[in-house]
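Student: build me a structure from this.
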Amino acid sequence: MEVLSGDFQTNIKVLNDVLGVGRNYDITSRELVVGGKKAHLYFLDGYGKDQVIERILAFILTLTPQQLQPIQTMDEFASHFGTYGETMTENQMEPLVTSLLLGKCVLLIEGMDKALLFDAKMYPMRGIEEPADGKVLRGSHDGFTEVVKKNSALIRRRIRDPKLVMENHRIGTRSKTDVVLCYLDDRVDRQVLEQICSRLDSIDVYSVSMGQESIAEAMHKPQWFNPFPRVRYTERPDAAAASVMEGSIILMVDNSSSVMILPTSFFDFIQETNDYYFPPLVGTYLRLIRFFIFLSSLVITPLWYLAMMHPERIPPWLEFIGIQEPNGVPLLLQLLLLELIVDLLKLASLNTPDVLSTSFSMLGALILGDFAVRANWLVPEVLVYIAFVAVANFAQPSFELGYAFKLMRMLLLILSALFSIWGFLGGLVFMLFLIGTTKPLAGHYLYPVYPFNWKALKHLLFRQPINRDNT
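Tutor: Model prediction:
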């Protein structure tokens, strides 16, 4: 690895070439005189806090040759005149350049064997407002941002314990993205921690372009045919802090406003932050309602379709679920078409400007609702069931799990059309097989059902009162 040479001008030339000074408009280079010696300052414009840089330079530039005469090395200079808290020295070229591109200021002084680094950066960032997909009626209304240091501070604010560890890793040979593992040293599973660290260190990619998803795909063995999520995400600092207190590991990726909770099992997805801001009985009720509604969204349309295939088997007390005015469009086609149209509306809403979103919603409802029925494309009963399914998908916070259930529901519909009740049962068995063979980062995906742990399962199904051992 290339190191700084003893020649000041050579170091300046090498850094100018590597950083593209003069070619890159946002890399600032300034010639200075410190204590009668030549000096050079580099910093990235847009990251540097002008007030901090100005105050540091105002002190350093007032040093006299007499003050600097007994100083022989940059380490001595930093210990005598490094007044800023985040100050360090470096003589390796690669970490020096990386630190500068991360926003640190680099100061070279003639005759010194190392460079002085001081962290006077401030990343462009938005506020810590509450995330859109994790709103609560009570409790804190802050959320993670795209700056990993701010996210770490939000966790530290909630867990003021010296055993809270923030372990930094750098991923990507080009992007050099900061990835931080957050855990409680006395509660974390050491075997799981070692496994996660080993997989992080083994990641060999140029860039982590898509944040957590890139990290998750690089850490897990590929299972492209399996739609069930193996990682749980949250944008809420209180939910992340609660998971850390329970012994989980939080993985924070710079430039990402959500964090990964590891390890994750299937039943972890039934929990939501709102459960813990209500009394235990209310929280348990909300959790069970969410769980059963979400499960019913999986089977309600396939079961209804099976009933419509054999309307003569419908008991009299269930005759109201039948189709009053059938049309010529096959029922299976109507159901699958509406499943796709719901996704079309979701995708279209993402690209709709806020000022037009209300108009778009009204237009979509009119076209897909009243007009489609009047044009004899759809029967009203199909709209009712698909509307219930679409609303039920928002009953739990994981978009990934919602789409996994959606794909399984469409598969159940197709198998039911091909093989009737046996196709439906076979589809359920196949879905259970997929869930059982899903390989999370550590542990079992069906824990605490397999291996069975009633105490852990009870905590997942029922909101427990908070006590000394339950945070």
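
Student: in the stretch 101-250 of the chain, what spans have low per-residue confidence?
Tutor: Residue ranges of the stretch 101-250 of the chain with pLDDT under 70: 124, 209-211.

Student: let's see that with 90 instead.
Tutor: In the prediction, the stretch 101-250 of the chain carries residues with pLDDT under 90 at positions 101-104, 111-113, 118-142, 146-150, 170-178, 195-226, 229-231, 246.

Student: state the mean pLDDT of stretch 30-48.
Tutor: For stretch 30-48, mean pLDDT rounds to 89.

Student: nope, stretch 413-421 is what I meant
Tutor: 94.

Student: same deal with stretch 449-460?
Tutor: For stretch 449-460, mean pLDDT rounds to 84.

Student: ends of that stretch, what's the gap?
Tutor: Here the two ends of stretch 449-460 are set 11 Å apart, with distance taken as C-alpha to C-alpha, to the nearest Å.

Student: count the residues that sit near the closest residue to residue 448 other than its chain neighbours.
Tutor: Nearest residue to residue 448 in three dimensions, chain neighbours excluded: residue 456, at 3.7 Å (C-beta to C-beta, 6 or more residues apart in numbering). In short, each C-beta sits where N, CA and C put it, glycine included. By the criterion of other C-beta atoms under 10 Å, residue 456 has 15 neighbours.

Student: heads up, I number from 441, so please use that
Tutor: Happy to do that; since the first residue is 441 now, the last one works out to residue 896.

Student: doesn't residue 886 make contact with residue 896?
Tutor: No: if you go by C-beta atoms under 8 Å, residue 896 and residue 886 don't touch, sitting 11.7 Å apart.

Student: just to revisit the earlier point, how far away is the residue nearest to residue 888 from residue 890?
Tutor: 12 Å (C-beta to C-beta, to the nearest Å).

Student: do the same with residue 444
Tutor: Residue 444 is 57 Å from residue 890, by C-beta to C-beta.

Student: neighbour-wise, which of those two wins?
Tutor: residue 444 (21 against 11).

Student: so what's the more buried one up against?
Tutor: Neighbouring residues of residue 444 by C-beta atoms under 8 Å, 6 or more residues apart in numbering: 451, 531, 532, 533, 536, 548, 553, 554, 555.

Student: for those residues, which one is nearest residue 846?
Tutor: Closest approach between the contacts of residue 444 and residue 846, by C-beta to C-beta: residue 536, at 49.6 Å.

Student: ok so the closest one is a helix residue?
Tutor: Yes: membership of residue 536 in a helix is supported by DSSP: H, G, I helix; E, B strand; the rest coil.

Student: the nearest residue to it once chain neighbours are set aside: neighbouring residues, count only.
Tutor: Excluding the flanking residues, the one nearest residue 536 by C-beta to C-beta, 6+ apart is residue 530, at 4.9 Å. The number of residues packed near residue 530 is 21, by other C-beta under 10 Å.

Student: so residue 530 is in contact with residue 538, correct?
Tutor: No: applying C-beta under 8 Å, one finds residue 530 not in contact with residue 538, separated by 9.7 Å.
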